[in-house]
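Visitor: A structural model of the following input is requested.
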Amino acid sequence: MSGSTLRDAGRPGSGADARAVAKELLSRGCHPLLLISVAVVFAAAVRYGWDTGLATFGFQLSLLCYLAALERLIPYERAWHPSRREWRWYGVYFVLTTVGGTLAQSLVVAGAGALATADPLLPLWAEIPLALLLGSLAGYAVHRLGHTNRWLWRLHGVHHVPDKVNVANNGVNHIADVFISQAFVQVSLAVVGFSETAVFGAGLFVIAQGYFVHANIDVALGRLNHVFVGPEQHRLHHSTDLAEAGHYGSDFSIWDRAFGSFTWRPGREPAAVGLVDPRSFPGTGAIVATLVHPVRRSPKVG
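Guide: Residues are numbered from 1 along each chain as shown. As a prediction, this is how the structure comes out:
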């Protein structure tokens with residue numbers, strides 16, 4: 001529903017009902033609310049000394065529930081709702097990637113903690129925006145490599161197997177891919193000299209954006225698409241048409257603009273999502289085969 005329709009909803013005889021107005025408000029407000037929640041969780045964790053691992057996991061779980069509810073209230077494509085069988089598959093992947101990611105995260109945090117300085121040169125208010133930008137650039141780089149490097153594609157291609165895009169299958173990843181991505185981004189921040197607090201804050205933002213862009217929700221960021229990545233752009237990233245499947249960033253879109261991988265324009269939507277050659281990877285339900293797939297086959301570069 002357009003902005004003019006929202007304004008007309010308050011006029012007598014306009015024909016727009018309260019449910020349509022509520023959906024429009026949800027569509028417009030869900031991303032700002034998400035960013036506010038990142039700031040609130042970060043501030044509370046710093047203020048009260050929360051364990052960063054537990055805070056991150058709790059935030060991730062809450063975020064999943066929030067976006068899953070929005071998928072029912074303002075869906076982009078109803079056919080992309082997970083079936084009961086898919087929910088079971090995605091649940092297994094979520095547990096595997098969470099456990100594997102947590103173990104990997106402990107190693108990454110330990111390494112980052114050894115590299116990061118306890119007395120950073122910049123105050124926290126200056127560290128945060130710089131950490132967000134550098135972390136975004138590192139995330140863009142490792143994601144693009146996941147599509148262009150043949151070995152890394154064996155890992156990352158697992159994420160592109162589903163022929164639908166929703167918040168539940170955002171967790172469909174190979175454990176090694178999760179580890180490499182986390183390590184590359186967080187260690188990059190630590191090597192530069194950002195504090196552990198700044199690395200934690202940047203990580204919360206990356207998690208929030210990662211789930212948001214993958215959600216099957218009818219949200220249009222408009223001109224903000226040139227700053228932030230939204231679901232519109234990330235659906236193109238999953239397109240089977242490689243000419244439009246750029247958008248390697250999941251938080252800021254400025255790197256896609258800078259490096260020529262920005263393909264979004266208003267109204268552009270993928271005809272289909274998934275793999276160009278579905279036979280190159282096991283199906284999502286073949287979980288064991290998926291985990292051992294990288295050492296058994298050499299699929300085409302994505």
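Visitor: Give me the secondary structure label for the residue nearest to H143 when sequence neighbours are not counted.
Guide: Nearest non-adjacent residue to H143, counting by CB to CB, 6 or more residues apart in numbering: Y248, 4.4 Å away. (Each C-beta comes from the backbone N, C-alpha and C, glycine too.) Put simply, Y248 is coil when judged by DSSP: H, G, I helix; E, B strand; the rest coil.
Visitor: Number of residues surrounding Y248?
Guide: 23 (other CB atoms under 10 Å).
Visitor: just the one 4 residues further on next, same as before
Guide: Per other CB under 10 Å, the neighbour tally for F252 reads 21.
Visitor: so it makes contact with N225?
Guide: No - F252 is beyond contact range of N225, at 11.0 Å (criterion: CB atoms under 8 Å).
Visitor: returning to that earlier point: residue contacts, the residue nearest to H143?
Guide: Going by CB atoms under 8 Å, 6 or more residues apart in numbering, Y248 touches Y140, H143, R144, H147, H237, W255, D256, S261.
Visitor: got any ranges where the stretch 201-302 of the chain has weak pLDDT?
Guide: 297-302 (pLDDT under 70).
Visitor: repeat that with 90
Guide: 203, 293-302 (pLDDT under 90).
Visitor: could you pull out the helices for the stretch 1-150 of the chain?
Guide: 3-8, 18-48, 52-73, 84-115, 124-148, 150-156 (DSSP state H, counting those that start in this stretch).
Visitor: F179 is nearest to which of the ones you listed?
Guide: With CB to CB as the measure, helix 84-115 is the member of these nearest F179 (3.8 Å).
Visitor: one step back: from P270, how far out is the residue nearest to H143?
Guide: 16 Å (CB to CB, to the nearest Å).
Visitor: List just the one of the helices of the stretch 1-150 of the chain that sits closest to A198.
Guide: With CB to CB as the criterion, A198 lies closest to helix 124-148 of the helices of the stretch 1-150 of the chain, at 4.1 Å.
Visitor: Okay, angle between that closest one and helix 18-48 too, please.
Guide: Calculated by axes from the mean of the first three to the mean of the last three CA atoms, to 10 degrees, helix 124-148 forms an angle of 120 degrees with helix 18-48.
Visitor: Isn't S250 up against Y211?
Guide: No - taking contacts as CB under 8 Å, S250 lies outside contact range of Y211: 9.4 Å.
Visitor: more crowded one of those two?
Guide: Shown here are S250 and Y211; by other CB under 10 Å, S250 has more neighbours (24 against 20).
Visitor: show me the contacts for that one.
Guide: G139, H143, V206, Q209, G210, V213, V229, H234.
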